[in-house]
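>>> Sequence and predicted structure, then a few things I'm wondering about:
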Amino acid sequence: MVIRQTAKTDVPALVKIFLAGFRDELLPTFGEPFTGNSMRDVFFFCLEAEPAGFFVSEEDGVILGYNFVSRSISRLQVAAALRGWIFRWAWGFLSGSYGITLGALWKMLKNKASFVGSSQKYRSSGDAQVLNIAVAAEARGRGVAGKLMEAGIDYLRRIKVRELRLEVRRDNLPAVRVYERAGFVEKGSTRDLKGEWVVMVKTIET
């Protein structure tokens, strides 16, 4: 097993892992036919905006999981606007290529509004964030998520980021244990339309 930075050619495998891993979260909001094209474009944006924070785990040419950490959410938001990604995402929705209905889009925006409103809570330094981490079902229990998290933390340590935040569902006990082993501590909670998210924060020693 190796941990390396993500390449554009990895994106189809990452979309597959994302759709399988987050299906229970996706279907109540988006229903069918959610195509996954929206996440393909999100992953390409992440690669363009902050490639050094995007990692995959690979074994014998097979992608086992991925992790994207950002040094700053606000920097990503600016990059999305300045590089035209907001317009690409809008066109993907309007053209129907994302398979997202207007009702589903409204649900998604309401969900995101609560996260944006609480994105600075429980922080003492900066706005670094674990944006998305996932491991293929067949690779779970092998320490993949822990190694991916280590890679993300090492990246932030090198660029002198002092604190990292993430959110996780309280009932996702395997993920919570991974984060606790990586040094994250529960600081509070936030909510969306589907329920509570635990906010966890890690101090990065430099």
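Here it is on my side, so go on.

>>> how close does residue 43 sit to residue 160?
26 Å (C-beta to C-beta, to the nearest Å). C-beta coordinates here come from the backbone N, C-alpha and C atoms, glycine included.

>>> er, residue 193 I mean
Distance from residue 193 to residue 160, by C-beta to C-beta: 37 Å.

>>> returning to what we had before: residue 43 and residue 160: which is more packed in?
It is residue 43, of residue 43 and residue 160, that has more neighbours when counted by other C-beta atoms under 10 Å, with 22 against 10.

>>> need the contact list for that one.
Residue 43 makes contacts with 6, 11, 14, 15, as judged by C-beta atoms under 8 Å, 6 or more residues apart in numbering.

>>> where's it, which helix or strand?
helix 37-49 (DSSP states H and E).

>>> Check which residues of the helix or strand that that helix is followed by are buried.
For helix 37-49, the succeeding helix or strand toward the C-terminus, using DSSP H and E, is strand 54-59. Residues of strand 54-59 classed as buried: 54, 55, 56, 57, 58 (neighbour count, 16 or more other C-beta atoms under 10 Å).

>>> Looking at strand 54-59 now, give me its mean pLDDT.
For strand 54-59, the mean pLDDT works out to 98.

>>> Next: stretch 183-196.
86.

>>> tell me, how many neighbours does residue 202 end up with?
Counted with other C-beta under 10 Å, residue 202 comes out at 21.

>>> Let me fix that, I meant to ask about residue 49.
Here the count is done by other C-beta under 10 Å, and residue 49 has 20 residues near it.

>>> Could you report the separation of it from residue 19?
22 Å.

>>> same deal with residue 162?
With C-beta to C-beta as the criterion, residue 162 and residue 19 are 34 Å apart.

>>> For the protein, which segments are assigned as helices?
Counting by DSSP state H, the chain has helices at residues 11-21, 23-30, 37-49, 73-82, 85-94, 102-118, 144-158, 173-181.

>>> Same list, those, but as JSON lines with distance to residue 166 please.
Shown next, in JSON lines, are these (distance: least, C-beta to C-beta, whole Å):
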{"stretch": "helix 11-21", "distance to residue 166": "15"}
{"stretch": "helix 23-30", "distance to residue 166": "15"}
{"stretch": "helix 37-49", "distance to residue 166": "16"}
{"stretch": "helix 73-82", "distance to residue 166": "12"}
{"stretch": "helix 85-94", "distance to residue 166": "23"}
{"stretch": "helix 102-118", "distance to residue 166": "12"}
{"stretch": "helix 144-158", "distance to residue 166": "9"}
{"stretch": "helix 173-181", "distance to residue 166": "7"}
